[in-house]
Structures are given as C-alpha cells and as structure tokens.
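I'll drop the sequence and a predicted model, then ask my questions.
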Amino acid sequence: MSHSKIPVAQSIVHLCISKGIQNVVISPGSRNAPLTIEFINHPDITAYSIVDERCAAFVGLGIAQQHRKPVALVCTSGSALLNYYPAIAEACYSDIPLIVISADRPIERIDIGDGQTIRQKNVFENHILYSANLYSELVPSTEMSDPKMLQKVKESRRHNEQEINKALNTAIEQQGPVHINVPFYEPLYDTVDEKTVRPITISPKFNLPEITNEELLPFAELWNTAKRKMILIGVMAPNSIEQYFLDTLGSSEDVVVFTETTSNVHHPHFFTRIDNMIGSLNEQGFKDLQPEILITLGGMVVSKKIKTFLRNFQPLHHLHIDDKKAYDTYFCLNKHFKKSANDFFAQFMSLTKPVSSNYQEQWLAIRNYRDTRHTTYLKEMPWCDFKAFELLMKAIPKVSIVHLGNSSTVRYAQLFKQDASLSIYCNRGTSGIDGSTSTAIGCAMSTEKQTILITGDLSFFYDSNALWNNYIPNNFKIIVINNNGGGIFRILPNRDKDSQNFDHYFETVHDLSAKQLCDMYGFKYLLATTAEETANAQAELYENNDQPTLLEVVTMRKMNDKVLLEYFDFIK
C-alpha cells in the first residue's frame, strides 16, 4: 500500500479508521494531495470525488445522515473551505457528525500574498463543536541530526495526534461537525511504501448523567394529576423511539401526540398533520387545546402554527428530552432531561399512572371532522401545487426513502398522511434551500432503497451542481414542482404580490426547465402539466430503474396561494 510521505496525513487517516470512519468525500485540489493519497489508498475507506465543495459537503451530510456515523470531508486551501459552511451550519443544528479536514499553507505563508490562501484557523467557530489547528510537520530525513530539531518534530507530532483525537472524539460523542486544519509543506505528492507513524488512539467517552427517580418524581406527580398533556415530536430518524412507548402514549386518553412528517413515528391516535388541526382554531379552541404539561422530543419543528399556539397559550410545565441540547422554543422550558427518548420513557413511565380525561377523544373528533373537510376540498380543487402534492404523496412506493426540499415543499407534505413504511428526511437544521438535492444524493449513494427527492424549482436550480456526481444510483428519483418562482412568498402577509418588484426581488419569476440539465447529466426526463399527466408520469417514474429519473411537474404560479389560504377557511 502506498502512503503519503507526510506523517500527519498518515496520522489523520489512521485515527479516522481507528474510530470507525469509513466514508470520505474529497474535492480535488493540490494542497490536499497528501490527504487524498492517504485516504484513497486505504482499503478500509470508501472515497468519493465531488468537485463542488458546497455540494460535496451536503453529499457527506446525506451519507452521515443515512449511516448515523461520521463522514470526512477533504478540501484544498483557500475559498474551497468556505464553501463547506452551509452544510456545516446544517450539521450543527441537525446534530450530524461531519469531519472537515482542510489543507492549508504553513502559518508563515498566511497574509503574505500567496495564492489560494486565506485565514483558515477557526473559520467555522460559531457553528463547530471543535476546531483543531495542527502544526506543520517537517518530514524527518537522514540529514536531520540536530537534537533540537528532532525534539521539535516529536513535540509537533504529539500535539497533532492529541488534537486529531480530540476533534474526532468530539464529533462522535456530541454528534456534530468538527474542523481539522492541516498546514502542509511541499513537496505534497511524495509517497512511501510503509507507514512511518503509529499514532496513539484515544477512545471516545460517553458519559450521559444518570437521572434518579427523585429527580423525576416531581414531574411524574404533575403528569399524574394533569388531564391535558401534549407530546410534540420534531425531526427524528426512523426507529428512534421504541413502538411500545409510542403505543402507550397513543392509547392514553389524557395525552395528545402531535408529530410532523419528519418525525418518523406512527400511531392511529397521533395527530400527524398539525396545521390541519390548529390552522383554523378560534381563541376558545386554542384554550381548549392548551396543555397543562408539554413534553418535546426530536429536532426542529416545521409548523409555525404550533409555535405560535404554544407561545401564546403556554403550558404550565415544559420538559424537553434529548441527550444533547434543548431549545426554549416556546419560552417556557422548565427542565431538560439529558437522556435518549427510550431511556427517559422507560424510567418515567414506571412512575406514572392513567388519568381519566376526554382530552384526546375531543381532539380525535375534531381531527375526523377536519379529515372529512380535507377530502371534500381536494375533490373540488383546481390544478395547483396542492393538487400536485395530493397525487404525489399517495403514489410514493412503500419502504422508500423520501427527502423533502425546504420552503413550500415540506409544508405541503405536512398536509397529507404518510405511509408508516416511508423514511422521511429534510434539512430542517437551518431550513435552507441550498443543499437539498446534494443531501438526497448522498443518502441515495448510501442505501439500496429507492430514494426520492421532492423539491421546489428554486431549490432545485440553486443546487443543480449536485447532479455533477458520478455516484448517483439508477433508482434515484427527483420530482421538481415548478411553479416558475418562489411561490411561498405569495402567501406572506402585507405583500404587494402584483407589483413588478415583488415578481423580481421576492418571488423570483423565471421560465427555466429542468430538461437541459437532465440531458447534460444523464437523467431520464419526464414532464407533467396536468393532474392526469402527473398520474401517468409517476407510473413511468417508479418503473424506470435503468437510469436516474426526474419528473418536472408544472403548476400555475398565481393559483397556489389562493387555493391554500381558502383551504384553511374551508376545513373550519
């Protein structure tokens, strides 16, 4: 096996392997050549080459999201590193472990006019768990006999090994992004046949604090007396909570469980479409729904309506369960239990008892009424985004992985029931449109399951470099809802949606088509402009597995906001 001659490159790869890191996404460059040589020659590493660093980082995020293990990103020096930032921010808020390894010039070459050189030290400090700034390492030679120089090399190596271990362990222990910045002296491409270093591996530590029954008892007593309890579940990976606990909560008449499309939990009594439930409540309805105690789980919540409700009609007690962090989203957080949901419920439920209440029954009746109105409205609906989502969501094949774009896409998806066999993801950490396609492709590269991306037109075109990727599997599908602009802005209050400035600066009206991109990147292209064409095109979309396939669904730009706003009035 061929190795980079530069010791620190060998140390980084050795320590990555020792901690179970197997996937690396490399963006081509020269300064990162030692890292590239070491990674691509290691038999235990799966390496991908993605040119665009912004896309590469989101691809890595998609791989890490699917495997639930860290993924390394490797880039050259200069502005290449800055292109990782959107994915770093998403990983930070979504608790996804990414290992950013950037090549750099030695410190004495910074700010003297060398090309492709910026200040890389601590560049992600606001959105990173740990920044390891390594020392430049001289390659020992037979001529290097000065004891002081040899001691300097030894100390430099010891520092680097400690920093690499700390960075990798932090990503694993805290599940988030870290940055290792590596200055390299030239020459960069020299290799040796045998490793010249054996770095010490420091194992990660997992020390979640124990929760005593004494700590839980006050909250269990509150739970045992409250007749209106609410569980709200945000973003969660599939199978994060044991079904036994979900079934127990779902069968409790004093509990309502609100979930989102991205929660990936299921029970017949769960309220899976929050906005359908509360989008048309009056003040008395909100008071009737107001919980005495709220338990939140999972990551970010999509629904603005539930956030507004819980901020205006706050529970008396709010507990958040997460082994890492808690956000005071509703301005009334009382307690954060640093435990996994399973560990918490296993202990907490042993201290609780059933309470007689009509809380769940009351809201199930309202849900059933809203479902009937929902079905009635859909039957009379003209061709629009909403109608397109009705057809798309119910045709998704079972056991598929579904990635949802942000903005309108994830919100429309929230208005429909999802099959329990689906695994649903969305980049809700920062809720940006910039990496949805790349993340979905990273996921598709990591699984044999069919992966489907449903996205809006602006999000798709914004991230179109994602298709510049040699690893896209043939069973990957993209559905682009093209309403020729950023349609979500049309439903914002106090906007002059008929002005030319609104079209140009907010909605971003365009006449672009995905067809030319499909021709360039080898995707099969399908087009639908009506409900009938959409139904027919979906059959071909899911039958074809000879090449990646894209379905572009064209809707009417100026119809969507009217239909959506009237929907919430109709289901009251």
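Received, thanks. Numbering: from 1, shown residues only.

count of residues packed around Thr117?
Using other CB atoms under 10 Å, Thr117 has 17 neighbouring residues. Where C-beta positions appear, they are placed from N, C-alpha and C, glycine not excepted.

Quick check: it is in a strand.
No. The assignment for Thr117, made by DSSP: H, G, I helix; E, B strand; the rest coil, is coil rather than a strand.

Next up, the contacts around it.
By CB atoms under 8 Å, 6 or more residues apart in numbering, Thr117 lies in contact with Ser77, Gly78, Arg105, Arg109, Ile110, Asp111.

Now do the same for the residue nearest the centre of the chain: its pLDDT.
Central residue of the chain (CA atoms, centre = their mean): Asn427, 3.6 Å from the mean position. According to the prediction, Asn427 has pLDDT 97.

Can you give me the neighbour number for Ile401?
With other CB under 10 Å as criterion, Ile401 counts 21.

How much space separates it from Pro86?
As defined by CB to CB, to the nearest Å, Ile401 lies at a distance of 22 Å from Pro86.

repeat for Leu391
For Leu391, the distance to Pro86 - CB to CB - is 32 Å.

With distance to Asn126, secondary structure and neighbour count added, can I get the contacts of Thr117 in TSV?
As requested, the contacts of Thr117 are exported to TSV (distance: CB to CB, whole Å; DSSP: H, G, I helix; E, B strand; the rest coil; neighbours: other CB atoms under 10 Å):
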residue	distance to Asn126	secondary structure	neighbour count
Ser77	21	coil	26
Gly78	20	coil	19
Arg105	24	coil	22
Arg109	26	helix	15
Ile110	21	coil	16
Asp111	22	coil	10
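
And the strands in the stretch 1-150 of the chain?
Here the stretch 1-150 of the chain has its strands, by DSSP state E, counting those that start in this stretch, at 3-4, 23-26, 46-49, 71-75, 98-104, 130-133.

Which strands or helices does the second one pack on?
In this case it means strand 23-26. Applying 3 or more CB pairs under 8 Å, 6 or more residues apart in numbering; DSSP states H and E, one finds that strand 23-26 contacts helix 33-40, strand 46-49, helix 53-67, strand 71-75.

Isn't Ala132 up against Asn169?
No. Counting by CB atoms under 8 Å, Ala132 sits too far from Asn169 to count as a contact (10.7 Å).

what about those two, which has more around it?
Taking neighbours as other CB under 10 Å, Ala132 and Asn169 compare with Ala132 leading, 22 against 19.

Give the full set of residues in contact with that one.
Shown in contact with Ala132 (CB under 8 Å, 6+ apart): Glu163, Ile164, Lys166, Ala167, Val178, His179, Ile180, Asn181.

re earlier: can you add distance to Ala326 and give the strands of the stretch 1-150 of the chain back as CSV?
Below are the strands of the stretch 1-150 of the chain laid out as CSV (distance: least, CB to CB, whole Å):
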stretch, distance to Ala326
strand 3-4, 43
strand 23-26, 30
strand 46-49, 35
strand 71-75, 26
strand 98-104, 22
strand 130-133, 21
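
any chance of the ones you listed in JSON lines, with mean pLDDT and distance to Thr201 too?
As requested, the strands of the stretch 1-150 of the chain are arranged in JSON lines below (pLDDT from 0 to 100; distance: least, CB to CB, whole Å):
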{"stretch": "strand 3-4", "mean pLDDT": "95", "distance to Thr201": "18"}
{"stretch": "strand 23-26", "mean pLDDT": "98", "distance to Thr201": "18"}
{"stretch": "strand 46-49", "mean pLDDT": "98", "distance to Thr201": "21"}
{"stretch": "strand 71-75", "mean pLDDT": "98", "distance to Thr201": "16"}
{"stretch": "strand 98-104", "mean pLDDT": "97", "distance to Thr201": "15"}
{"stretch": "strand 130-133", "mean pLDDT": "97", "distance to Thr201": "15"}
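
Could you chop this protein up by domain?
3-187, 220-362, 381-570 (automatic domain parsing).

Out of the helices and strands packed on strand 23-26, which gets nearest to Asp95?
Nearest to Asp95 among these is helix 53-67 (10.0 Å), distances taken as CB to CB.

what comes up buried for that closest one?
Under the neighbour-count criterion of 16 or more other CB atoms under 10 Å, helix 53-67 has 53-67 buried.

what angle separates that helix from strand 71-75?
170 degrees (axes from the mean of the first three to the mean of the last three CA atoms, to 10 degrees).

Please look at Phe345 and Phe245 and confirm they touch.
Yes. With contact defined as CB under 8 Å, Phe345 counts as touching Phe245 (4.3 Å).

Who has more neighbours out of these two?
Counted by other CB under 10 Å, Phe345 and Phe245 do not tie: Phe345 has more neighbours, with 22 against 17.

Remind me what the one helix or strand that one maps to packs against, helices and strands.
Here Phe345, judged by DSSP states H and E, is contained in helix 341-348. Applying 3+ CB pairs under 8 Å, 6+ apart, we find helix 341-348 packed against helix 213-225, helix 243-250.

Try it again at 7 Å.
In terms of contacts (3 or more CB pairs under 7 Å, 6 or more residues apart in numbering; DSSP states H and E), helix 341-348 is packed against helix 213-225.

Can you name the next helix or strand after the helix or strand of the chain with the lowest mean pLDDT?
Using mean pLDDT, DSSP states H and E, helix 500-501 stands out as the lowest-scoring helix or strand of the chain, at a mean of 68. Of the helices and strands lying after helix 500-501 in sequence (DSSP H and E), the nearest is helix 515-521.

Figure out how far that following helix is from the centre of its chain.
How far helix 515-521 lies from its chain's middle: 27 Å, per CA atoms, centre = their mean, to the nearest Å.

List the buried residues for it?
For helix 515-521, a neighbour-count test (16+ other CB under 10 Å) marks Leu517, Cys518, Tyr521 as buried.

neighbouring contacts of the helix or strand just after it?
Downstream of helix 515-521, the first helix or strand assigned by DSSP H and E is strand 524-528. Outside strand 524-528, the residues that touch it by CB atoms under 7 Å, 6 or more residues apart in numbering are 514-515, 518, 534, 537, 540-541, 544, 547, 549-553.

Name every strand pairing with strand 524-528 and say which way it goes.
Paired neighbours of strand 524-528 in the sheet (DSSP bridges): strand 549-554 (parallel).

tell me how far the partner strand is from the chain's mean position?
With CA atoms, centre = their mean, you get 23 Å for strand 549-554.

Counting by contacts, list what the next helix-or-strand element following it packs against.
Next helix or strand after strand 549-554 toward the C-terminus (DSSP H and E): helix 560-570. Where contact means 3+ CB pairs under 7 Å, 6+ apart, helix 560-570 is packed against helix 359-379, helix 385-395.

In the stretch 201-350 of the chain, mark out all the helices, start to finish.
Applying DSSP state H, counting those that start in this stretch to the stretch 201-350 of the chain gives helices spanning 213-225, 243-250, 274-278, 283-289, 304-312, 341-348.

related to what we said a few turns ago, when Leu391 and Pro86 are compared, which one has more neighbours?
Using other CB under 10 Å as the criterion, Leu391 and Pro86 rank with Pro86 on top: 20 against 17.

Go ahead and confirm the more buried one touches Asp52.
No. If you go by CB atoms under 7 Å, Pro86 and Asp52 don't touch, sitting 11.8 Å apart.

quick one on the thing from earlier: narrow the contacts of strand 524-528 to those that are buried.
Buried residues within these, counting neighbours by 16+ other CB under 10 Å: Ala514, Cys518, Thr534, Ala537, Leu541, Thr549, Leu550, Leu551, Glu552, Val553.

Taking these together, which two end up most distant?
Spanning the widest gap among the buried ones among the contacts of strand 524-528 are Cys518 and Thr534, at 17.3 Å by CB to CB.

mind listing what's buried in stretch 559-568?
For stretch 559-568, by 16+ other CB under 10 Å, it's Met559, Asn560, Asp561, Val563, Leu564, Tyr567.
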